[in-house]
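> Next input, structure requested:
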Amino acid sequence: METARDIATPECSEREMEPTMQRVCARAMTALAADCAWMALRLLLAGGLEIAGIGKIVAPAGLAAYLQELGWPPVLSGGVAALLPSFELTLGICLMARIELELASVLTWLLSAGFVVMALLALSKPTGLGCPCLPQMSPGILSSGLGMVFRNLVLLLAASLAVWKWGIRAAVGGAVPEKLWS
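Here you go, the predicted model:
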């Protein structure tokens with residue numbers, strides 16, 4: 001990043017250099033705010049994945065029963081119930097630690113899209129299935145019905161932003177101008 005001294009010529013007086021310093025400071029503050037927003041997005045997604053993964057580990061039968069209620073065969077629902085919590089925890093760690101961020105953001109988007117589909121399928125059931133990721137959470141507005149769909153849509157939007165930031169840019173090899181990302 002250029003500084004005011006890099007831009008200014010030796011003949012510049014302090015008064016002439018002041019607008020340049022203000023521009024440099026404004027750029028630095030904008031970049032810092034953008035970095036903080038992207039970090040908050042990563043932590044939101046990672047935290048959501050970690051909480052959901054731990055919730056499924058605490059009550060593994062809940063996810064299998066949920067999937068069976070949606071019509072999945074017992075063998076497939078049992079396999080997904082066994083593997084999904086570890087997958088969520090791994091994705092959360094990757095997002096937090098910035099490990100394979102491009103791949104982690106795309107996989108998080110795919111997982112979030114799947115959660116939206118599952119929440120919509122649960123709406124079609126007369127029993128009103130609740131979210132299996134937080135079985136210890138009392139039935140609340142975000143744990144079943146339209147609230148669960150809304151919550152998963154918000155996570156899908158956050159994952160879409162992550163893919164936009166880290167997935168697409170990496171996929172095109174940085175060919176997209178930097179200004180789109182700041």
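> C-alpha only now, for contacts and for neighbours.
Fine.
> From Leu111, how far out is Gly78?
18 Å (Cα to Cα, to the nearest Å).
> again with Leu45
Counting by Cα to Cα - Leu45 and Leu111 are separated by 11 Å.
> Could you identify the helix or strand that succeeds the lowest-mean-pLDDT helix or strand in the chain?
Within the chain, no helix or strand scores below helix 4-7, which has a mean of 51 by mean pLDDT, DSSP states H and E. Downstream of helix 4-7, the first helix or strand assigned by DSSP states H and E is helix 14-58.
> and that following helix, what's its mean pLDDT?
For helix 14-58, mean pLDDT is 80.
> How far away from the center of its chain is it?
Counting by Cα atoms, centre = their mean, to the nearest Å, helix 14-58 is centred 14 Å from the centre of its parent chain.
> before we move on, what about stretch 101-108?
On Cα atoms, centre = their mean, the centre of stretch 101-108 falls 9 Å from that of its chain.
> Give me the buried positions along it.
Neighbour-count burial for stretch 101-108, counted by 16 or more other Cα atoms under 10 Å, picks out 101-108.
> for stretch 113-129, same thing?
Buried, per 16+ other Cα under 10 Å, within stretch 113-129: 113, 115-116, 118-120, 122-123, 129.
> Select from those residues every entry located in helices.
Mapping the buried residues of stretch 113-129 onto helices (DSSP state H) picks out 113, 115-116, 118-120, 122-123.
> Take those residues and write them to CSV, including distance to Gln68.
Putting those into CSV (distance: Cα to Cα, whole Å) gives the following:
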residue, distance to Gln68
Ala113, 19
Phe115, 15
Val116, 17
Met118, 12
Ala119, 14
Leu120, 15
Ala122, 11
Leu123, 15
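> between those residues, which is closest to Ser86?
Among those, Phe115 lies closest to Ser86 (Cα to Cα), at 16.0 Å.
> ok, the residue most central in space within the chain to Pro60 distance?
Compute the mean C-alpha point of the chain, and by Cα atoms, centre = their mean the closest residue is Leu45, 3.3 Å away. Using Cα to Cα, we find Leu45 at a distance of 22 Å from Pro60.
> again with Val163
Val163 is 29 Å from Pro60, by Cα to Cα.
> Just want to know which of these two has more residues nearby.
When Val163 and Pro60 are compared for neighbours, Val163 comes out ahead with 23 against 20, by other Cα atoms under 10 Å.
> where are the low-confidence patches of the chain?
1-18, 127-129, 134-144, 167-182 (pLDDT under 70).
> again, 90 this time
1-45, 47-49, 51-52, 54-72, 77-78, 81-82, 95-106, 115-152, 154-182 (pLDDT under 90).
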